[in-house]
Structure formats: structure tokens, C-alpha cells
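# Below are the sequence and a predicted model for it; my questions follow.
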Amino acid sequence: MTLIYLMITCFLFLTLMAGMWRILRGPTAADRMLAAQLFGTTAVAILLILAQLAEQPAFRDAALLLALLATVTVVAFVHRAWQTISESEDESS
């Protein structure tokens, strides 16, 4: 079972590399934000797998914290983007 967990973790690290490429090359801020969300989700999954392998509940706590931070990040991004759209509509009127 440990081998399966390690293989899944390696696959998740590969998806992180794909996300890094999108962050560096993403044409828009939304693309970069989605890649950052991929980072958060993948990091949560990796931490949960490591918690199972190492039998350390602290990894589960760290995964929960990352999930909460990812949510706050998306809310902040959307709020900022919404303000930018509202300001541009006000200027065009």
C-alpha cells in the first residue's frame, strides 16, 4: 500500500509542475489564479497522503489550513477582479 501512496504522490508532484508552467506562461490573471488553486488542491492531497503514510495528524491539520487559505485567496481574487470590472464599466458610462 505504501508503494501506491508514493506513486500517487509522484503523480501529484507532476501535476504541480504542469501548474507551474501555467503560472509562468498563463496569458491572463485568471489562468494564473486557477493554476494557484491547482497548487492548493494538490498540496492538500499530498499532505493527506503523507499524513496517512507517516501517521502524523499534524499533516492533516496543515492540509486543512491550506484548504482554508486557498478559499480565502479565491475570494480575494474574485473581489478584486469584480471591483476592476465595476470601475471600468463606470468609466465607460
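All right, it came through fine.
# only C-alpha atoms for contact and neighbour calcs from this point on.
Noted.
# Can you show me the strands along the chain?
Along the chain, no segments are classed as strands by DSSP state E.
# For it, which residues score under the pLDDT cut-off?
85-93 (pLDDT under 70).
# so residue 5 makes contact with residue 47?
No. Using Cα atoms under 8 Å, residue 5 makes no contact with residue 47, being 11.4 Å away.
# which of the two has more neighbours?
Applying other Cα atoms under 10 Å to residue 5 and residue 47 shows that residue 47 carries more neighbours, namely 21 against 15.
# is it true that that one touches residue 60?
Yes. Taking Cα under 8 Å as the definition, residue 47 is a contact partner of residue 60 at 6.6 Å.
# To what extent is residue 52 buried, counted in neighbours?
Residue 52, neighbours per other Cα under 10 Å, totals 15.
# Identify the residues contacting it.
Contacts for residue 52 (Cα atoms under 8 Å, 6 or more residues apart in numbering) come out as none.
# Equivalent analysis for the one 10 residues further on, please.
Listed by Cα under 8 Å, 6+ apart, the contact set of residue 62 reads 44, 47.
# What's the local residue count around residue 82?
Count around residue 82 with other Cα under 10 Å applied: 12.
# Please name the residues that touch it.
Per Cα under 8 Å, 6+ apart, neighbours of residue 82: none.
# what's the spacing between it and residue 76?
For residue 82, the distance to residue 76 (Cα to Cα, to the nearest Å) stands at 10 Å.
# same question, residue 41
17 Å.
# So these two - more neighbours on which side?
Ranked by neighbour count (other Cα under 10 Å), residue 41 and residue 76 place residue 41 first, with 17 against 12.
# So that one sits against residue 67, correct?
Yes. Shown here, residue 41 and residue 67 form a contact pair, counting by Cα under 8 Å, at 7.0 Å.
# Can you list the buried residues in stretch 57-67?
For stretch 57-67, the neighbour count (16 or more other Cα atoms under 10 Å) marks 59, 60, 62, 63, 66, 67 as buried.
# Columns distance to residue 31 on top of those, output as TSV?
Formatted as TSV, the buried residues of stretch 57-67 follow (distance: Cα to Cα, whole Å):
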residue	distance to residue 31
59	29
60	28
62	26
63	23
66	20
67	19
